[in-house]
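*Asks:* predicted model and sequence follow; I will ask about them next.
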Amino acid sequence: MSQSGLYTVTATNAEGCSALADVTVTVNPLPNVNISGDNSFCQGGNVTLTATGANSYAWSNFSSNASITVNNADTYIVTGTDANGCSSTATKTVSVNPTYNIPLTHSMCEGERL
């Protein structure tokens, strides 16, 4: 059902007897779940992802917190559920940027300039 409104329901039992009832149906919108946080971080670091738009959350890493801190490259999925029990999902792909090694020592000959 996609429309809220008043509907008439007819029920018929096994003996063929029928009854009518008017039923008010409310169709609740799905929550608008979003994930904020950086898309990448440097190797050895981490990033905090925060879900918004619902009352409770279930992440693909089994956390039920609104925010999670991750230190792996992956696609993270969160399902948000609102007060009406309606759910929707959001995804965010996070990548890890490699670090660069800077040499901390340098050899040179006497009289050379750095």
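*Replies:* That came in fine, so what should we check first? Because the structure is predicted, anything quoted here is derived from the model rather than measured.

*Asks:* pretty sure residue 58 is touching residue 78, no?
*Replies:* Yes. Using CB atoms under 8 Å, residue 58 makes contact with residue 78 at a distance of 6.9 Å. Just so you know, the C-beta spots here come from the backbone N, C-alpha and C atoms, and that holds for glycine as well.

*Asks:* who has more neighbours out of the two?
*Replies:* Higher neighbour count among residue 58 and residue 78: residue 78, with 27 against 17, using other CB atoms under 10 Å.

*Asks:* pull up the gap between the residue nearest to the spatial centre of the chain and residue 96, please.
*Replies:* Per CA atoms, centre = their mean, the C-alpha nearest to the average position across the chain is that of residue 78, at 2.6 Å. From residue 78 over to residue 96 the distance is 20 Å, taken as CB to CB, to the nearest Å.

*Asks:* neighbours of residue 77, how many?
*Replies:* By other CB under 10 Å, 14 other residues sit near residue 77.

*Asks:* what pairs with it across the strands?
*Replies:* Beta-bridge partners of residue 77, counted by DSSP bridges, are residue 91.

*Asks:* number of residues surrounding residue 99?
*Replies:* Other residues within reach of residue 99, judged by other CB under 10 Å, total 10.

*Asks:* so it makes contact with residue 41?
*Replies:* No. Counting by CB under 8 Å, residue 99 stays clear of residue 41, with 10.7 Å between them.

*Asks:* partners of the one helix or strand residue 57 maps to, with directions?
*Replies:* Following DSSP states H and E, one finds residue 57 within strand 56-59. Take DSSP bridges as the rule and strand 56-59 pairs in its sheet with strand 74-81 (antiparallel).

*Asks:* nearest spatial neighbour of residue 50, skipping sequence neighbours?
*Replies:* Excluding the flanking residues, the one nearest residue 50 by CB to CB, 6 or more residues apart in numbering is residue 67, at 4.4 Å.
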